[in-house]
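In: Mind folding the following:
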Amino acid sequence: MLDSSDIDIICSPLSYRDRQYGGGGAIMTPPESITRAGKLYLLEDDTSTHIATASGNTFAGHESGVTHSQETIQLLRRNLMLTLSRNAGFWWMDLQGAGWFNDSALWKQQEFFRDWMKRNMQHPTPYQPEIAAYFSMKNRCVRSPAPA
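Out: Model prediction:
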């Protein structure tokens, strides 16, 4: 897929296991491989906001633990930094179309986000961690079981 000239963008949501308030917000795919192949990686940020929590959202990843807008803003900023550190993009996705982002305090964050994205585009820095993880269909079968 990464070698295909027909594909320009690859997307995935945050991991459903570590997206809660205080979690690390792991990404489901290796975005570094995507950008290294000359493609754009987009993080689909379907974070369960305080509004989604209050409305009884039960979709995967709904256990965000946020109850007010400031906590939601902190989650969204964490997710922004995840994408910036990997020279990727993102979009907010209301999984149910139910107004999860219908809060002016959240939309005021767009100026903050735009400033960071602009800086990152002007001075992109390759993501170069000290440790590499290699994924394949074979090693998926030998990973450790999930904690109980």
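
In: In terms of secondary structure, what does the lengthiest helix in the chain contact?
Out: Longest helix in the chain, counting residues (DSSP state H): helix 69-84. Packed against helix 69-84 by the contact rule (3 or more CB pairs under 8 Å, 6 or more residues apart in numbering; DSSP states H and E) you find strand 40-45, helix 50-54, strand 89-92, helix 104-107, helix 109-122. In this view, the C-beta of every residue, glycine as well, is placed from N, C-alpha and C.

In: what comes up buried for the second one?
Out: I take that to be helix 50-54. Across helix 50-54, burial judged by 16 or more other CB atoms under 10 Å covers 50-53.

In: Let me know the closest of those residues to residue 38.
Out: Using CB to CB, residue 52 comes nearest to residue 38 of the buried residues of helix 50-54, at 34.9 Å.

In: so where's this protein uncertain?
Out: For the chain, the stretches flagged by pLDDT under 70 are 60-62, 134-148.

In: ok, and for the longest helix of the chain, which residues are buried?
Out: If you call a residue buried by 16+ other CB under 10 Å, then helix 69-84 has these buried ones: 69, 71-73, 75-76, 78-80, 82-84.

In: Please apply the same query to stretch 37-45.
Out: Along stretch 37-45, these residues count as buried under the neighbour rule (16+ other CB under 10 Å): 39, 41-43, 45.

In: Stretch 93-109 spans what distance, first to last residue?
Out: The first residue of stretch 93-109 is 15 Å away from its last residue (CA to CA, to the nearest Å).
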